[in-house]
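Visitor: Provide a 3D model corresponding to the input given below.
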Amino acid sequence: MKQKLFYVILIASFALSAVAHYSHMSKTLQFVLCCIAVVFAAGFMGKATESVAHYAGERIGGFLNATFGNAAELIIAIFLVKDGLYDMVKASITGSIIGNMLLVLGLSVLLGGLKFKVQKFNVMLAGYNASLMLLAVVALFIPALFAKSFTTKETDTLSLIVAVILIVAYALWLLFSMITHKEELADVAAVQAEEAHAHEINWSKGKSVLFLVIATVMVAFISEWLVGTLEEFTHKFGLSELFVGAFLIAIIGNAAEHSAAVFLALKNKIGAAVEIAIGSSLQIALFVAPVLVLVSYFMGNTMNIVFTVYELAAIGVSAVIAKSISQDGSTSWYEGVLLLVVYVILGIAFYLV
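Guide: Numbering: from 1, shown residues only. Next comes the predicted model:
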């Protein structure tokens, strides 16, 4: 019954947002309808990715959850790049990184911890995640540090080189974590929990893949409609591009991770939830952001990878506390509270900028 209601709302919200867009209703109404539609479409995507993950295996499943969960952010960002809204793109990248590390991980740890006193996951994987988070911070700090000493052309060149290096580093991480050291990084507890809940998967492999494709197409359309409303909506309510990009777009785009990660944490699969949350942040920093730089280059106007002091501070703070909490391979509900407190503080600061 609940599933039928979800699908009805999903189809209705998608149809209403389409009607609002093509009939040129007010931008505010379009924005609201698109936000509702993308949340349900992302939820549908989260369920589809979890189903695919069941057939593909735990590590690949976590990667697929993070990848398709980031599809909404990537699609929205590409349309923003196309429109030349680079500041909003960087803000949305920042928001995605801190949103996953603080909001998604915080909610997962809090709600999972309220149900299970202590939740544990692979310590070795936690250590590598922490190191990769620091790599992401360093890679974003360096261009900003040297930008004032460079010409625009030199900054663009450095951004392109850093982008390529980060993509290569991320590809090597996938090789390391999924092939050469797959067994060492496996989460035994998560695999056991998956086996215990296997009966809950009620889609076939083919249907799961089909629904994942449909969900991705839906998110792509809604994202394009949503981007078309942002400029007028931002001006009407006096919101900064920094706040809209870093929090509104990020929260909307992260809906798939919210649903999937929290759902897994409540099943005592905190390892998979951490993989989605931190893995998604790493994917944004080491793959999505560099890809957007390359996409902008091929569109004829390179978007540099120089972030503002506010954005760098937010990413740095998020990485430090997420590293501190996750590096021991265990979590409790209070650690989730700590992550959410930092997220709220950053949200208020960004709103007041």
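
Visitor: next structured bit after the helix or strand bottoming out on mean pLDDT in the chain?
Guide: Here the helix or strand of the chain ranked lowest by mean pLDDT, DSSP states H and E is helix 188-196, holding a mean of 51. Note on helix 188-196: by DSSP states H and E, the next helix or strand toward the C-terminus is helix 205-236.

Visitor: what about that following helix, average pLDDT?
Guide: Per-residue pLDDT values over helix 205-236 give a mean of 81.

Visitor: buried ones in it?
Guide: By neighbour count on 16 or more other CB atoms under 10 Å, the buried set for helix 205-236 is 208, 211-212, 215-216, 218-230, 233-234. Every residue, glycine included, has its C-beta placed from N, CA and C.

Visitor: for stretch 309-326, what is the distance to the chain centroid?
Guide: 15 Å (CA atoms, centre = their mean, to the nearest Å).

Visitor: now S259: closest residue in space that isn't a chain neighbour?
Guide: Nearest residue to S259 in three dimensions, chain neighbours excluded: G46, at 4.2 Å (CB to CB, 6 or more residues apart in numbering).

Visitor: host element of the one you found?
Guide: Counting by DSSP H and E, G46 is part of helix 27-56.

Visitor: so which bits of that helix are buried?
Guide: Buried residues in helix 27-56 (16+ other CB under 10 Å): 27, 30-54, 56.

Visitor: all strands for the stretch 251-353 of the chain, in order.
Guide: All strands of the stretch 251-353 of the chain, identified by DSSP state E, counting those that start in this stretch, fall at 330-331.

Visitor: next: the stretch 51-200 of the chain.
Guide: 119-120.

Visitor: how about low-confidence regions in it?
Guide: 53, 56-59, 61-62, 65, 69, 72, 187-200 (pLDDT under 70).

Visitor: if you set the cut-off to 50 instead, what comes out?
Guide: Applying pLDDT under 50 to the stretch 51-200 of the chain flags residues 193, 196, 199.

Visitor: please enumerate the helices of it.
Guide: Taking DSSP state H, counting those that start in this stretch as the criterion, the stretch 51-200 of the chain contains helices spanning 58-69, 71-82, 86-98, 105-115, 123-146, 152-175, 188-196.

Visitor: output the ones you listed in a markdown table; the columns should cover distance to F307 and mean neighbour count.
Guide: Formatted as a markdown table, the helices of the stretch 51-200 of the chain follow (distance: least, CB to CB, whole Å; neighbours: other CB atoms under 10 Å):
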| stretch | distance to F307 | mean neighbour count |
| --- | --- | --- |
| helix 58-69 | 22 | 24 |
| helix 71-82 | 14 | 24 |
| helix 86-98 | 6 | 27 |
| helix 105-115 | 21 | 23 |
| helix 123-146 | 6 | 18 |
| helix 152-175 | 11 | 16 |
| helix 188-196 | 34 | 16 |
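
Visitor: nearest to A15 among these would be which one?
Guide: Evaluated over the helices of the stretch 51-200 of the chain, closeness to A15 peaks at helix 71-82, with 18.8 Å, by CB to CB.
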